[in-house]
Structure formats: structure tokens, C-alpha cells
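Q: okay, sequence plus prediction incoming.
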Amino acid sequence: MPGRRQRMRRIREVLRYRFENKMSLNAIAGALGISKGSVFNILDSFSKSGLSWPLADSVTDSALEACIYGAAQTAAGSAAGQRVDLEYVRRELARPHVTLELLWREYRDSRADGMSRATFYRRCAEALPQMQVDMKMVHKGGDKLFVDYSGDGLFYIERSSGEMMELQLFVACWGASSFCFAEARATQKAADFCLCHVSAFDYFGCVPHALVPDNLKSGVKKPCRYEPQINPLYEKLAQHYSLAILPARIRQPQDKAPVESAVGFVQRYILGRLRNRHFFSLQEVNAAIREELDRLNAEPMQGYGGRSRRQRFEEVDKPHAQPLPAQRFSITDVKYDVRVAPNYHVRYDEHFYSVPHALARQSVDIYLVGSTLEIYHDGVHLCRHLKQPDNFAYTTVDEHMPPNHRFVRGWSQQWFIDRAAQIGIGVAEVARLIMKRRRHPQQGFNSVMGLLNLVKLYTPARVEAAARRALRFHSASYGSIRHILENNLDKEQTSQLRLNLGVVEHENVRGATYFQNTQQAHG
């Protein structure tokens, strides 16, 4: 090793200058460009090694180094109890994210008067693997923020159940300064992915001009080298912060080298330090991550004059980045091109929300902002609804309804009852009751349509008989009538099934005579 050879040549020169040239410590230090203390330590170690000058030809560099440094380390170790458990070092280095520097820092935390880093490294040399150093890429200040997920994450223990809850570790890194951000989330879904960006921008206090994500589904819906399709929610975030999204090319790690390096460094620095801690909530995990993150960004960086990532961020990235907008990004879901049903309602999750009836059979865009649904058509805001439980129910605004509950294409309450009356008076009465129970008749159209479609599976006589049975037992619904037909209950004789349906009076029920007259007129 070049460093070792230079060190041994320097030791031999110190010994020669001292014993052959009779030079003083100051003169030796000046001639070799080293400190007076280093000269003294070399001569002191040599005097304790048992060797004499001139050295015998059989004394190799390795033997000289072992005699001098071995004697010095033995004396220091025995005096201060400084020992390195090499077995512990080997075992810990085999664990993910643990480095020799981390072990040395932990050692110094437990022993303030412990050995220096250089001495610790030499004592642990037999446990150290060879490592390579990657070249630093140059990026414009404030230009790009690289984002990715760590392959390894953290977890917390659910107190009530004792279940281990796995977490995903999000990492962001500025290209120019290497200033980092990290946060744990429950999933890598689009909502969590975007919320991590919002937290990162708040931490930075500014916004980059471009984001460079990997091709995960939360960010890139369909990867393509030339025209990738961005996830709708991620695209909305980019619009809110006025930044560009530049996905890295598939299988081209050089496109996102800064974050690849940052992920590895965060794993070693943060995950390594937290490896023996136990957490019981996501908040505890992120509080611990933030504490270690601040320490990481405050660490002096080699090759940058001892300046930290935070100092370089303040000097290089932040002055050229974009300011934060007045409002935080709050959209948590986006659905584009949602088709409006003929009853002018749109389905979001398992609930139906009304829009102006003129937009029936057209498409709208839906944004979930906190607990509010914002609905747009052709880029124009239409309405908003409070998010409701997933119960397949309807939320309808009166202003969205057509006059007299008329349905587009002529569908209306009267149209459905007329169709039901063609099957039988009992079916018409069931249809009326179904729509009466709903806040708006349109909400019962689907159920009545299902009722009318039963004649495709069963004869009209059977459907009418099932409707009469359902009315007798006060269970007038599509599901009840279908159950009666599927189980052939309509064929059972019920005692004195008298419903007096012939005298049902309602403005929407025209009666059997009407249809008989209609048939005669067309006969």
C-alpha cells in the first residue's frame, strides 16, 4: 500500500536523521514536513521497541512497523484499558448499514479518552473489507432533487396486538450539495409518495426545478425513455410546485447516482444507528429519523473544506431553488376521466356523488383534498362533496337534479312505473315504494331497472306473483323479489292473499284498464 510505504520510509528517515546526523527534533520535523510531536512519538516508540540503530538488514518494514506501533499500542492499551473486540467488530460489520466509522463513533461515545480513529482503524484492520470510492457528479445548484426508496426500512411494534408494522423509507437528495431528507411511511402508494415530497419541501424550505424519481408505479404510470406517463397524483404535485419530473431511464443507475449514493449513506448512517432501538408508533420512528438526519446533514464532508451538507445546501442549492408556494399541496388522490352515469352521479370508491344533470354520460376529473371531493369538467370546477363512507349510497345536491326529477333521455319516475305496470300492478306498486323510500327518485332507478330485468329470467306472471308476495310480507325490494323467484316461493299458495291492489290510487299508477284500452286502440 502506498500510504504504508511512505509511512515506513518516513520512520527510517527520522531514525537516520536522529542517530546518524544528530539532528534535533525541530530540525527533523522541518526537514520531513511533519510535526515535532510526531518525531517525538516515533523516537519514543523506537526506544521502547528493543531495536537498536543501525537496523539489521533482516528488519523488514513490516517488522519495524510491528515493533514500533505494536509497542506503542500495547503500552497505550494497557495504560488506558483501550481494547478492540475484533470478534464484535466482525459480527457488527456483517449486519446491514454498519460501518467501521459508526463502530468507532460508538466506541468514542462510551470512552471519551479512547483511541483515535486512525488507531482504531489500524487495530481493526484485519476486520476491514476493501472499499472503493465513487467519483462525485457535478450538478447545477437548485436544479434537481433525486428521490427513491431504500430497499431496507424500519418497523414499529403495535402496542395493542404486538404486530410488527413494516415501514418504507423515502430518501431525497439534492444533486449539487448532497443535502438529504428521509422519512418513513406505511406504504409506497401514490398518496404516501407525494406526502413524502411535501414533507421534504417543507424541510428544505424551497423547491427544486426538477424531480428525478425512479420508475416506481407511484411516480411513473408507464415508463418510456421518450414520453413516460406520469402518475396523475404525482403530475398534480408537479403542477402545484411548478417543477418538472424527469424519470430516470430504466436500468441506468447513473441517471440517479446521487440518490443511489444517498440511500446507501442514509442506510449506514441512520438505519445503522437505529438498528437496536424499538419503536411503538410511526411518529416515534420519524422523530428518531429526523434527529439522525439533522446530525448527518451537519457532519463535515471530506473534500469540501470540512463544510457540511447543510452548509453547502445553503450556499449552492437554496439560493437557486424555487420558493415554496403559499399553500401546501393537499391532494391525496386523483382520478381522471370518470364517466358520469345516466343518473348524473359519479362513483368514487363505493359511494355515488351527484354532478349537474347536463353532464350525464360525460367525463369529469375528481380530486380528493383531505376529506373533500373536488370535481372538475373540462378544467372548470363543478362542485364539491364531503367524502362519504363506502356504503354504495347516494349523495345528491338538489341543484344538480333536472326539473320534476326528469331523467335524461326521457327516463323519469313515471317512465319506470309505466314499464313496471306492463308486467303487473304488484310490480308497479313495488317500483313506487322503492323510489318513495329514496331521497330522490333517481336513486331508485337502478333497483327498479333490476326489477324490470327479472322478466328476462322469469315469466311476467311469476314476477308479478313474487311482487304480490313481497308486498304481503312488507319486503318490497329488488333483492326480496329475486330471492322469492330463485327459491320458487312465488309458487307457494298463501292463504287469503288479498292486497286490494285493484284500487291502488296514485298519480303515477294508471291501472290495468289503461293498458287494455291501449291494446284495443292499437288492435
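A: Good, I have the coordinates. Predicted, not measured: the structure shown is a model, and the values here were computed from it.

Q: pLDDT on stretch 399-418, on average?
A: Stretch 399-418 carries an average pLDDT of 69.

Q: what do you get for stretch 270-289?
A: The pLDDT scores in stretch 270-289 average 92.

Q: outside of that stretch, which residues touch it?
A: 95-99, 102, 150, 152, 154-159, 165, 167, 169, 182-186, 292-293, 296 (Cβ atoms under 8 Å, 6 or more residues apart in numbering). Just so you know, the C-beta spots here come from the backbone N, C-alpha and C atoms, and that holds for glycine as well.

Q: what residues of it count as buried?
A: Across stretch 270-289, burial judged by 16 or more other Cβ atoms under 10 Å covers 270-274, 279, 282, 285-286, 288-289.

Q: name the element the closest residue in space to A421 that isn't next to it in sequence belongs to?
A: Distances taken as Cβ to Cβ, 6 or more residues apart in numbering place A428 nearest to A421, at 3.9 Å, with adjacent residues excluded. Using DSSP states H and E, A428 sits in helix 425-436.

Q: buried ones in that helix, by neighbour count?
A: Going by neighbour count (16+ other Cβ under 10 Å), the buried part of helix 425-436 is 425-432, 434-435.

Q: against which helices or strands is the longest strand along the chain packed?
A: Identified as the longest strand of the chain according to DSSP state E is strand 331-339. For strand 331-339, the helices and strands in contact under the criterion 3 or more Cβ pairs under 8 Å, 6 or more residues apart in numbering; DSSP states H and E are helix 190-204, helix 232-241, strand 345-348, strand 363-369.

Q: what's the spacing between it and its chain's center?
A: For strand 331-339, the separation from the chain centroid amounts to 19 Å (computed by Cα atoms, centre = their mean, to the nearest Å).

Q: contacts for it?
A: Strand 331-339 is contacted from outside by 190-191, 194-195, 232-233, 235-237, 240, 346-348, 361-370, using Cβ under 8 Å, 6+ apart.

Q: if we can go back for a sec, Throw the helices and strands packed on strand 331-339 into CSV and include mean pLDDT, thanks.
A: Formatted as CSV, the helices and strands packed on strand 331-339 follow (pLDDT from 0 to 100):
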stretch, mean pLDDT
helix 190-204, 94
helix 232-241, 90
strand 345-348, 94
strand 363-369, 93
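
Q: okay, those in JSON lines with mean neighbour count and distance to Y394 next?
A: Formatted as JSON lines, these follow (neighbours: other Cβ atoms under 10 Å; distance: least, Cβ to Cβ, whole Å):
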{"stretch": "helix 190-204", "mean neighbour count": "20", "distance to Y394": "26"}
{"stretch": "helix 232-241", "mean neighbour count": "19", "distance to Y394": "25"}
{"stretch": "strand 345-348", "mean neighbour count": "20", "distance to Y394": "6"}
{"stretch": "strand 363-369", "mean neighbour count": "18", "distance to Y394": "16"}
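
Q: and the ones you listed: which comes nearest Y376?
A: The closest of the helices and strands packed on strand 331-339 to Y376 is strand 363-369. By Cβ to Cβ, the value is 4.6 Å.

Q: now do the closest one and strand 331-339, the angle between them.
A: Angle between the axes of strand 363-369 and strand 331-339 is 170 degrees (criterion: axes from the mean of the first three to the mean of the last three Cα atoms, to 10 degrees).

Q: what's downstream of strand 363-369, the next helix or strand?
A: Downstream of strand 363-369, the first helix or strand assigned by DSSP H and E is strand 372-377.

Q: Provide the strand pairings for the helix or strand that that following strand is followed by, with the direction of each partner.
A: Once the chain leaves strand 372-377, the next helix or strand it forms, by DSSP H and E, is strand 380-386. Paired strands of strand 380-386, with direction, are strand 372-377 (antiparallel) (DSSP bridges).

Q: CA atoms only: put the strand it pairs with into CSV for me.
A: Extracted in CSV, the C-alpha atoms of strand 372-377 (Å, rounded to 0.1, in the frame of the first residue of the first chain):
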residue,chain,number,x,y,z
THR,A,372,-63.4,16.8,0.3
LEU,A,373,-64.0,15.7,-3.2
GLU,A,374,-63.4,18.4,-5.8
ILE,A,375,-65.0,17.6,-9.2
TYR,A,376,-63.9,19.3,-12.5
HIS,A,377,-65.1,19.1,-16.1
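
Q: would you check how far apart Q311 and P208 are?
A: 18 Å (Cβ to Cβ, to the nearest Å).

Q: so S242 makes contact with L324?
A: No. Using Cβ atoms under 8 Å, S242 makes no contact with L324, being 10.8 Å away.

Q: hey, what's in contact with both of the two?
A: Shared contacts of S242 and L324, defined by Cβ under 8 Å, 6+ apart, are found at V207.

Q: so which of those two has more stuff around it?
A: L324 (14 against 10; other Cβ atoms under 10 Å).

Q: show the contacting residues for the more buried one.
A: Taking Cβ under 8 Å, 6+ apart as the test, what L324 contacts is 201-202, 205-207.

Q: from G142, how far out is it?
A: Applying Cβ to Cβ to L324 and G142 gives a distance of 13 Å.

Q: now do the shared contacts for these two.
A: C206.

Q: helices of the stretch 351-500 of the chain, start to end?
A: Along the stretch 351-500 of the chain, the stretches classed as helices by DSSP state H, counting those that start in this stretch are 413-423, 425-436, 445-452, 460-472, 478-486.

Q: which other helices and strands contact the longest one?
A: Packing partners of helix 460-472 (3+ Cβ pairs under 8 Å, 6+ apart): helix 413-423, helix 425-436, helix 478-486.

Q: compare these and give me the one nearest R12.
A: So among these, helix 478-486 is nearest, using Cβ to Cβ, at 97.5 Å.

Q: what are the contacting residues of that closest one?
A: The contact list for helix 478-486, computed with Cβ under 8 Å, 6+ apart, reads 430, 434, 447-448, 450-451, 454, 457-458, 462-463, 466-467, 469-470, 489-490.

Q: next, the buried residues of the longest strand of the chain.
A: Across strand 331-339, burial judged by 16+ other Cβ under 10 Å covers 331-335, 338.

Q: please produce CSV containing these, extended by pLDDT.
A: Formatted as CSV, the buried residues of strand 331-339 follow (pLDDT from 0 to 100):
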residue, pLDDT
I331, 89
T332, 87
D333, 91
V334, 91
K335, 91
V338, 94
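
Q: okay, helices next: where are they in the stretch 151-300 of the chain?
A: Counting by DSSP H, counting those that start in this stretch, the stretch 151-300 of the chain has helices at residues 190-204, 232-241, 257-266, 272-273, 282-298.
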